[in-house]
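Undergrad: Okay, sequence plus prediction incoming.
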Amino acid sequence: QVQLVESGGGLVQAGGSLRLSCAASGRTGSMYAMGWFRQAPGKEREFVAAIIWSTDSTYYADSVKGRFTISRDNAKNTAFLQMNNLKPEDTAIYYCAANRLYSRNWYDYDYRGQGTQVTVSS
């Protein structure tokens, strides 16, 4: 089993930045990909970004490309999501997930965190 804990959410004004963290523990050797997803009120959960743990390859949703950066610290088994130039439409609960395969589908991920709230005021 892999346990994931997100942190770093909060309230920020439009144009501001936040850095989310996702700390993994347990059988982290089984992780191949880690993804970030978000769910806004009344909307479906959507893919934000993903990183392949061994190669550092990264993938982004078009809506965040150029503003968000996903990275990881192998030694700390932690993934990060640096979010710059935040917009009110970025307001959502952000979740991290880990899996043995890369996917943009939340339901493909074996391990999922509880989420952290990000609120962007206009």
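TA: On my side now, so go ahead.
Undergrad: Local confidence estimate at the residue nearest the centre of the chain?
TA: Nearest to the centroid of the C-alpha atoms of the chain, with distances taken as C-alpha atoms, centre = their mean, sits residue 36, at 2.4 Å. According to the predicted model, the pLDDT of residue 36 comes to 98.
Undergrad: likewise residue 101?
TA: Taken from the predicted model, the pLDDT recorded for residue 101 is 89.
Undergrad: Neighbours of it, how many?
TA: 10 (other C-beta atoms under 10 Å). Quick note: C-beta positions are derived from backbone N, CA and C, even for glycine.
Undergrad: Same question for residue 91.
TA: Counted with other C-beta under 10 Å, the neighbours of residue 91 add up to 18.
Undergrad: likewise residue 4?
TA: Neighbour number of residue 4 under other C-beta under 10 Å is 24.
Undergrad: tell me the secondary structure for the residue nearest to the centre of the chain?
TA: Classification of residue 36 into helix, strand or coil gives strand, according to DSSP: H, G, I helix; E, B strand; the rest coil.
Undergrad: can I assume it is in contact with residue 9?
TA: No - taking contact to mean C-beta atoms under 8 Å, the distance of 11.7 Å between residue 36 and residue 9 leaves them out of contact.
Undergrad: Mind listing the shared neighbours of these two?
TA: Taking C-beta atoms under 8 Å, 6 or more residues apart in numbering as the contact rule, residue 36 and residue 9 both touch 20, 94.
Undergrad: Residue 59 bridge partners, please.
TA: Bridge pairing for residue 59 (DSSP bridges) gives the partners residue 50.
Undergrad: so it sits right up against residue 68, yeah?
TA: No - taking C-beta under 8 Å as the contact criterion, residue 59 and residue 68 are not neighbours in contact, 11.2 Å apart.
Undergrad: more neighbours, these two?
TA: Under the neighbour definition other C-beta under 10 Å, residue 59 and residue 68 were set side by side, and residue 68 has more, 22 against 17.
Undergrad: For the more buried one, which residues are in contact?
TA: By C-beta under 8 Å, 6+ apart, the residues touching residue 68 are 48, 49, 60, 81, 82, 83, 84.
Undergrad: Residue 90: which of those is nearest?
TA: Here the nearest of those to residue 90, counting by C-beta to C-beta, is residue 83; it sits at 6.9 Å.
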